[in-house]
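Student: Got a sequence here, can you build the structure:
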Amino acid sequence: MRSLTLAAALLALTAPVALAQTPDAPARGSAAAPVHAEDAVLAEIIASGTRAPANSARDQHRRPYEALTFWGLRPGLTVVEIEPGGAGWWTEILAPYAQRTGGEYVAAWIDLEAPTVSDRAREARDGLEQELAAFGGSARAVNFGPASGLGVEDGSADMILVARAFHNWARADLTDRYMAEFFRALKPGGVLAVEQHRAEEGLNVADTASTGYVPESYVIRAAQAAGFELDARSELNANAADDRDHPFGVWTLPPVRRGEQDGRTLTQAERAAFDAIGESDRMTLRFRKPE
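Tutor: Numbers count the residues shown, from 1 in each chain. Model (predicted):
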């Protein structure tokens, strides 16, 4: 189990790092950064043996304690995770945290009301709901998709977490639609937390989204257009070794580690080189709905 001393050391790393300014991306918004006490419950859950070993092994790249405290997680919050998927990387942390601290975890995944939803998608949603049932009334799943939007009430969420989804939404022209839904669902003062593969600035999102990366300014502009303020940004998920020049896009890197596509197969040396990069260079942003 991770010691509380280590947890305190990790917390010291959560201060946002200022980046170069662009007209659309001020380093800080008007809201003050949250102040956190050491979160022993969060540290214990992250170090817990109840998590899948493959998920825990990725902590060195995703830094869950640092990220969640940077975003402002604290006891008693209603946290909505957008498109958690079947692997449940954040779910394994956020659902037990909500149960133990009097909060609520809401997984927004798959729109069961959409006429095109597949049987496979329905089965995946059913599997997620069965997993969340173990947490009693502190965890549930809701619909999410272009047809229904986000299935939570107006102003009911304290935090909405979006991890690695904007490249998909950019390709489908759904970013603005979903940003408006997030703004609607958050309470005044609520936080939109973002982790996303980061493309080089100055590139067109139409060219980069298919590789899994989007420019940081793309996300910031979309959030601001929806009414959010950029509260803080951090480099805790930055990876200078990621040059984004990969044959199969971001999916060449861990954890997906795609090695073959369209007749191209990585050599053993190429595979080792991409594995050595680790996970992608990512933006870590905190937006706030104005009070």
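Student: Could you check how far the longest strand anywhere in the chain is from the centre of its chain?
Tutor: Ranked by number of residues, the top strand in the chain under DSSP state E is strand 186-199. The chain centre lies 8 Å from the centre of strand 186-199; the measure is C-alpha atoms, centre = their mean, to the nearest Å.
Student: Same question for stretch 188-201.
Tutor: The answer for stretch 188-201 is 8 Å, by C-alpha atoms, centre = their mean.
Student: in it, what's buried?
Tutor: Residues G190, V191, L192, A193, V194, E195, Q196, H197, R198, A199 are the ones in stretch 188-201 that count as buried (16 or more other C-beta atoms under 10 Å). Just so you know, the C-beta spots here come from the backbone N, C-alpha and C atoms, and that holds for glycine as well.
Student: now stretch 227-245
Tutor: Neighbour counts over stretch 227-245 (16+ other C-beta under 10 Å) mark 228-234, 236-239, 242, 244 as buried.
Student: give the contact list for A139.
Tutor: Contact partners of A139, counting by C-beta atoms under 8 Å, 6 or more residues apart in numbering, are A95, A98, Q99, E104, Y105, V106, A107, L132, A133.
Student: CSV please, covering those residues and showing neighbour count and secondary structure.
Tutor: CSV is the format used below for these (neighbours: other C-beta atoms under 10 Å; DSSP: H, G, I helix; E, B strand; the rest coil):
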residue, neighbour count, secondary structure
A95, 27, helix
A98, 22, helix
Q99, 18, helix
E104, 21, strand
Y105, 26, strand
V106, 28, strand
A107, 27, strand
L132, 19, helix
A133, 12, helix
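Student: Secondary structure of D231: a strand, I assume?
Tutor: Yes: the assignment for D231 (DSSP: H, G, I helix; E, B strand; the rest coil) places it in a strand.
Student: And it, how far from D154?
Tutor: 21 Å (C-beta to C-beta, to the nearest Å).
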